[in-house]
Structures are given as C-alpha cells and as structure tokens.
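Q: just coords:
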C-alpha cells in the first residue's frame, strides 16, 4: 500500500509497544509538569503520535495480515506478546483518534471544569487511562489485560472525581464507580485464576489451544468463564450491571465523559469478543448457552429498560448515559447472534456509537461551558443561542436515532438484517421499538432546543453565545464523520463495514 | 460528475427546499424563495419529460451496504403522478405567493419533492425514505396553523411515522421472502409483509378507522398549508396501492365503505375545511375501489380521477382558503352572502364544486364514471354482488354533490347574508384558482380536452367515450335530484339532519324513525367517542404515570443504587450465568 511506505520501518515494527509505552511514560512526566499549557501540548503530541502509529498498524494489518510482537524478545507463552489483528487494530485506532479529539476539546473544557491546580495531573491521569486502554486492546496476555484494565480504571476513578469542581456529586459517582469497577476487575482476575488452574498458561493463544484440546475443559473452565463474563460485563455496562455508569458519565468532566463513552466501554466490549470467540469458543456448549441466553437476554432487556429510563430523565447528560447502556444492548445483541453478520453488526455499532455518542457529549459540554446547562428544560431556545453547537448535536442525535444517511442507520440496518437472517423477528421488533424510544428521548431535547424560545435575561432574550472554535471543531468533526459513514462519503461507510466484516471473519473463522 | 438524468426529479425540489431554508429574510430573499417555490416544480416537470420514454426507465441505481437501490423509475403509471405533483406544486406556489414565511416555503418544497421522489422511486426502501420525509416535512405546515394545531400535528406525525415503520417492516419481510429483492412491483396480500404494507398505505390514504388524522389535522393547518397538504400525502398512498395491490378484492369493499361513511359526517359538519377533508376521504374511496376492481378500465379511471381530483380538490381548498384569508373563519354558520364581495372566488368555487360533483363539461365527469362503469361491467360479468358496490358508489356520488357541490359554495357565498363586506381575494390566489378552474374545464372539454387526459392513462382508453347521451342525462338526473332534494330540504328547514328521510316523505313514521336512528347513532357516536377518548387518555396517562414512576430519576428502576446493592446484583448475575453454564444445554 502506498501510504504504508511513508511510515518508517521501526514504527511499524515497534508500533505495538510504542502506543503503550509512550503514553505511560509521558503520563508520569506530565504529572510533574509545571504548566497547564505544556501538559496540554504533551498530551496532544502523545495522542497524535499514537494515532499515527495506530493508523499505520491498521493499514499494515489490512495489507500484510496480523502481526505478533514479542515484548523484549521473549517468545510466548513465557514472555508477553502483543497482538495486532483485524479485531484489535480498528479499536486501537478508534481509541487513539478519540483521544486526540478529546484532547483538542479539553483545552477550553478543562478551564471551565477542572480546578487550576489539578489540570496538569488531569492530563497525566488522562494519559495513563489512555495507555491502559491501548494496552488492554493490544496485549495478547490474559493477565496483562487485567493489569492494563486496572491502570485505565484507577486513573478513570480519579478523572471522574475531578468533576467535583463542577458538581460535588462527582465524588459519590466516582466512589460508586470505584467500588463497582473493583468488583469487576476482581471477578475478572478470579476468572483468570481459574483459567490458569485449568490450562497452566496466561497467554491467550496458548490458553485457547489448550482449551480446544480439552474440548472446553472441566467445570473449572466453566466457572472461570462465568467470572470473566461478569467482570467484563461490569466494565462494559451490561444491563443490569450498569448502575455505576449514569452517575459517572453525568458528573465527570465533559472531556472525560466523552472519552469514557466512546472508548472505555468499547475496549471492554472488545475484550468480551476476544475472550468469548478466540480464547473460548462458541462451539463449547457453555459458551453458546451464555451467548444465546445471557448476552441476548440482558442486551434486549437493557435496550428497552435503559431507553425508557433515558426518556424520563430530567438531566440531559443522564439521558445520554442511559442511552449508552441501551446502545451496549444493541452491541450485545449483535454479538449474541454469534453469526458473522451479527458480530459484524455489533462491531460496527461499537465503532459508530463511539463517534455518535462522542459528538453528543462534546456538544453537551459546550452547553455547560457557555450557559451552565444540563437540565433538558433549560435547553429551550438553544438553537438560537448556540446554533452551530446545536446543529452538531442534532446531526449526532439523528444518527443515534438511526435516521437514514447517518452512521446509526447503517449499523442498525445491519443488525436488523442479521437478526432477520437468523429468523429472530422479535429482535427486529425490539430494535424498531427502541429506535422509536430513541426518537422520543432525543426528540425531547431537540424539540425544546428548536421550538422553545431563549430565556429572558433582564427582559431581553438571551444573546447568541456560540461555543469556542476549539470545541466546535471536534464536535463537527464527529458529526460530519457520522454523516460521512452513513452516506458513504469518501468510501468511509464501506471502510467501516469492511473493518467490521473482517473482524467478524476473524472471530468466526477461529470459532469454526 | 452526476448524470442529471439519473437523479430522481423530486430531489431537485428537496434541494430547493433546503436552499429555501437558508435564504435570508427580507424582501429580496422572499422573492428568491418564491422563485424557487414556483421554479423548482417546473424544472422537475421538465426533467420528467426529458427522462420519460414509452418504455419503463429504471435509473439512479445506488449500492448501499449490499443493497441495490433503484432510486428512479419512470413508467406510464408513475409519470402521471410525477407530472401531477409538479403541476400542483406550481399552483400551490402561486397560491401562497403572498405569504412571507420561510418555514412554509421550505417545508412545502421538501414535502412536494419527497412526494414526487416517492412516487418515482423504484424500490421499497427508497419509497420508505421519502414516505417518512413527507410526514416529517409536512407536519410543519400543520404547526403553522397556530397553537391549537400543535397537538393535531403531533398526532399526525405519530401516525405517519408509524405508517412508515410498518412499511419498512413489511418491506423487509417481503424482500426476505423474495430473495432480497426490494423492487416495488405488484405485492398482493399473499406474500409475507403484504398485510403490513397494506396497513401502512391504509393509514396514509385514510382507510375507514385509519382516517382520523385527515379530518383532524388538515383543517387545523395554515391556509396555504391545508391546500398543500391536501394534494400530496394521500395521492402518494393511492399510487402505492395502484402499484402494489391492483385487483386486491378487499380494496373494493374498503373503498366502497370509504366513499359512503364520510358523506354523513360531512353533512353535519360546520367547519367547511373539515367538510372538504371528509369529501377528500370520500373521493379517495372511489380510487381505492377502482384499484380493487383492477381492470384496465378501472385503473384508467383511477389515474384520471387522481389527476383531476387533485386539481379540483385544491381549487376548493383554495377558494375556502381565500375566504378564510379575508374573513378569518371557515365556519359555515358565520359565512354567507360573500358572492357580493368575492365574486371571482365564488365563481371559481362553483367550478370546483361542479367538478367534484361530476357535472358534465367539468372535470370529474369524464373520470368518475369510468370507475363506476368498470364496477358495473364486472358486476354484469359474473359478480352480481358488485351491484351493491355500484349502488354505494352512486349513493356516494350524490352525497358528494350534496356536501361538496352544494353545501360548501352555498353556505359560503349565498345562503343568508352574513353582512360581511370584504375585499376580493389577493391577485395571486385568483390566478392560482383561475388556472385550476381552467384546467377543470379543459380536462373535461368534449372536443380535444378530455382526450388529452385520457392519453395520460396507462392503458388504451380510446374505447371509452364519456359524452354519450345516456351518461349525460343520467348524471344530470342524479345531480338535479340531489339539488332539488337540497332545495326542498332548505325550504322545509329540514336540512341537514333530515336529508335522508326526504325520499320517503309520504311515510312520516319511517322518517321519524330514520331520523331517530340517525340522531341516536349520532349521539351514541359522540358519547362513544368521548368515552373512548377518556378511556384512551386514562390508559395513556396511566401507563405514562406508571412508566414515569418506574423510570424517572426518582423512580424505582432509576434510583441511584447504593454500591452494596449493585454488588449483590453482580453476584446474582454471576449465579445466573453459572446456572446457565452448568445446567442449560
């Protein structure tokens, strides 16, 4: 490939390690940087470098196939290996790109939302969280996953708590998240312990091979699988284990919410795919049962319940947070179908939802930045006071609903077709119903913004007060991107579909 | 480079509508918008002429996610609708020339464009897209009617979006059973999804018991809004029926019921725009019935009827709109004697009324009879049951005469003098109405006029001559019977409630009984309506309250769960997973 030859060879060779080590190292340095601006520049440069690297790796995967990187030259199963393949590369690139978008946005947003003294540590924590997420996706070692999971989680707790400058409830939210997150991580590591007992290895490829030899393994493996599913389920906000999510999303600094909503749950979902389809195998009875009953069950119930909860929220950020839980339901439904089309649809929705929800939360932060607004009733007339921000919000909102020519439409249609192919008409019905519910909860906000009139300030309607350019650029980038994906502008739609199909092919190919 | 002959002409109107939305306010911008409103349909019409050949044209193929979409199909059937919508778009544009409203202009254009694009689309998915777009763009026209139109608009939107969803669901089922082929051809009821699609279409074209939105929303829209609304939505649905359900028997009965029941409601209604909405529903019944018959003659009749119907129905709505624009109301009880101050409007309204009632030399005369003849022909060839249907259609024809042909112009322009002395309608309204009137006369003109209309029809129609002595005389008898009935009733001060008893005026008892029954049904209907509304409201608010109690921030399901509880929940989930892992096979 032409573009690929532009990257230096060492970057491609050492890339997998580079994207973890660089932010980890720079995170530590950023923490002691004296100036906020300097910290911001560091974060920007680091995330940009990682994005470029992740992009190069993505291209490499598509042109040359999966690659295995051995840390320090120690071959697996003894050393730690990093795996870049069609499943991990797109998620890796997504996380890195979303990090750049949020860092650009963070410049004005942190000024409003984070105490001055904490701004440099804020960027440090952000880089650590970023490093953790990248590590979770790249690593091929199961225990390493746990380590990176904790790296990202612990820094996330701190990040959420920093929202206290804006809203003191951030503290309880962070505490809740801490407790639940720790339980999740503990479950996960207990599961890993069982698996180690069963297989005697921590390398994922190795574990998968041994499990296949054992034909699924004994009860130990089954229990391990249960623990891993629940542990990851907590992290990806699977209904009803999502209780930490609305609070954390609603009260964290906007930038953190954006980043979490578009990457953290996605990385956890990626791990779920990795474990259920490559480490374990849907051909084992117990995996198939969990896919079919548990994942689909909680996915569908979550779609409906969380959508209903979203409708009745008074705080717009909580509405979006519940909507995230519902969207996770869509992805789980796709995964639970366990057909190539279903997994591809779930994976596609993972990518698309990151873009969509990112755009929505970015706009939400801008509303707070200018007017201190989070309640839906205060949105009245925002289309007149902040037309550009509201415009971006509307585009992303329509995409969330799944209006044709938007990203949300593409993934929902694919999911519908996948469900129909399997003959699950009831699932099609649920998708339609929850889409209608999405119309209601997004429509409520849009109605207030477009048909309400701006509040009066001293007898005058509130004046136009558009968000700063540094906020508008990221949010319009995401809004336009979601339209571009939906209408296949520049072939982006096809690229996304291709990426998801290759990921699904990888999973089902190994799953037999 | 996009080949403009591959582009669905409706998209030009949508594009113009989007541009309109961004044209700045002010005089210059206003004129620019008006130029777009009138110019865009003309341009689209020209494009259709350019693309149309005597063969079916399939173009604008797009491949999205493995689905082959045919966004443009122009053949003998869709072409008629395309031209018609362009034509009526121009007339509506002229009618609304005085109105300085960006939202109306832009949504009218998008709405008309979506309707054109919808009828010219080749597959069900494209149709679905524009189906929904017509609903979404047109609701703004209703909301322009003022505060009281808001709720009606929401109801309208909800029903139409539901219709779209049903269409999509039906389309997916249909295509799935059909090997993934989304092309919109004859569907029928025997395939999966057929009933769903029919239901979706039924909502849009106002099947009995699905029609409420029409009389609910149309009269509440703004003056120009009602005129625009009356032209597109329902006719698009008729097109979909004519494309997908030709010869489906159930449509005959649905259509016949549709023609009859609005007659009664129209007679007792006071708001003239509502009267016209009922009569719109009744006219649609003729078309639905014709499609159900499905012979070449019937389909020709349907196509012709659609074409002239849109013109004269718009003409009627325009004339009432003009009156409303000057007087400020469309209530029959507050109008009257306006022919003195609005003579031209009165004449145009009379032409429209005559057209809808199918007076010889006026529009519907040459088309409606085709449908009824088709029914009678079928009835005499082995389906005697259809005579009942033909009778119902004849009764409905007389009913049309009664409420649209006489009631509307009579109460507006004649009747007792309301004492209002207003100015004649603005020039642009007069021009629009004049053009529509001219068309009404021209399209039924015996020497060269109706032949042009017939040449548009999808099948050869040279075998049918509307102007035979029999037909003219029969029609005149029917009309004059209705007129004299009206006159006698007025004289005896029995209009409107006792109209049906007139035929049997030697039989007082029967009339009293009949009147009593009609009254009783009316009263019961009202009561039923009220209690149904109450029940529905209670159910909705009850469900809403319960949902709210569960899911609102303070509700049982959404309270911030303490982390201890969440932890227990996690353990419960683990147990659930383990149970499944261990015991379920």
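A: Structure's in. What do you need? Since this is a predicted model, take the numbers as computed values, not measurements.

Q: residues contacting residue 445?
A: Picked chain A for this. Contacts for residue A:445 (C-beta atoms under 8 Å, 6 or more residues apart in numbering or on different chains) come out as A:316, A:319, A:376, A:379, A:393, A:397. (Each C-beta comes from the backbone N, C-alpha and C, glycine too.)

Q: Can you look at chain B instead?
A: With C-beta under 8 Å, 6+ apart, residue B:445 has these contacts: residue B:361.

Q: The host helix or strand of residue B:573 close to chain A?
A: Assigned by DSSP states H and E, residue B:573 belongs to helix B:563-583. Yes. Shown here: helix B:563-583 in contact with chain A (C-beta under 8 Å from any C-beta of the partner chain) through B:563, B:565-567, B:569-570, B:573-574, B:576-578, B:580-582.

Q: Please pick the buried ones from the residues you listed.
A: Among the residues of helix B:563-583 next to chain A, the ones that count as buried by 16 or more other C-beta atoms under 10 Å in any protein chain shown are B:563, B:566, B:567, B:569, B:570, B:573, B:574, B:576, B:577, B:578, B:580, B:581.

Q: which residues in the stretch 251-400 of chain B form helices?
A: B:272-293, B:296-327, B:343-356, B:365-380, B:386-400 (DSSP state H, counting those that start in this stretch).

Q: ok, and for the shortest one, which residues are buried?
A: By neighbour count with 16+ other C-beta under 10 Å, helix B:343-356 contains the buried residues B:344-356.

Q: of all those, which comes closest to residue B:453?
A: Nearest to residue B:453, judged by C-beta to C-beta, of those is residue B:355 at 12.5 Å.

Q: Enumerate every residue touching the residue of the stretch 51-200 of chain A found nearest chain B.
A: Closest to chain B within the stretch 51-200 of chain A is residue A:179: 4.0 Å, counting by C-beta to the nearest C-beta. Residues in contact with residue A:179 (C-beta under 8 Å, 6+ apart) are A:244, B:563, B:566, B:567.

Q: Please identify the most buried of the helices of the stretch 251-400 of chain B.
A: Greatest average neighbour count among the helices of the stretch 251-400 of chain B goes to helix B:272-293 (a mean of 27), per mean count of other C-beta atoms under 10 Å in any protein chain shown.

Q: what angle sits between that helix and helix B:386-400?
A: 160 degrees (axes from the mean of the first three to the mean of the last three C-alpha atoms, to 10 degrees).

Q: Report all helices and strands that helix B:272-293 contacts.
A: When contacts are defined as 3 or more C-beta pairs under 8 Å, 6 or more residues apart in numbering or on different chains; DSSP states H and E, helix B:272-293 packs onto helix B:212-217, helix B:223-244, helix B:249-268, helix B:296-327, helix B:365-380, helix B:386-400, helix B:408-413.

Q: Just put the ones you listed in CSV and tack on mean pLDDT and distance to chain A.
A: Shown next, in CSV, are those (pLDDT from 0 to 100; distance: least, C-beta to the nearest C-beta, whole Å):
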stretch, mean pLDDT, distance to chain A
helix B:212-217, 80, 17
helix B:223-244, 89, 17
helix B:249-268, 83, 24
helix B:296-327, 88, 25
helix B:365-380, 84, 36
helix B:386-400, 84, 36
helix B:408-413, 83, 34
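
Q: Residue A:18: which of those helices is closest?
A: Nearest to residue A:18 among the helices and strands packed on helix B:272-293 is helix B:223-244 (58.0 Å), distances taken as C-beta to C-beta.

Q: what's that closest one packed up against?
A: So helix B:223-244, by 3+ C-beta pairs under 8 Å, 6+ apart, packs with helix B:76-95, helix B:102-119, helix B:124-143, helix B:194-204, helix B:272-293, helix B:296-327.

Q: Could you list the low-confidence segments of the chain?
A: Using chain A. A:1-2, A:510-512 (pLDDT under 70).

Q: hmm, I had chain B in mind actually
A: Across chain B, the ranges flagged by pLDDT under 70 are B:1-2, B:65, B:493-515, B:518, B:552-561, B:585.

Q: give me every residue that touches the residue nearest the centre of it.
A: With distances taken as C-alpha atoms, centre = their mean, the residue of chain B nearest its centroid is residue B:234 (2.8 Å). Residues in contact with residue B:234 (C-beta under 8 Å, 6+ apart) are B:204, B:205, B:206, B:214, B:280, B:284.

Q: What sits closest to the fourth one if chain neighbours are left out?
A: If the residues on either side of it in the chain are set aside, residue B:214 comes closest to residue B:206, at 4.9 Å by C-beta to C-beta, 6 or more residues apart in numbering or on different chains.

Q: related to what we said a few turns ago, mind listing residues that contact the helix holding residue B:573?
A: Residues outside helix B:563-583 that contact it (C-beta under 8 Å, 6+ apart): A:175-176, A:179-180, A:183-184, A:187, A:219, A:222-223, A:225-227, A:229-230, A:233-234, A:240-241, A:243-244, A:286, A:289-290, A:293-294, B:561.
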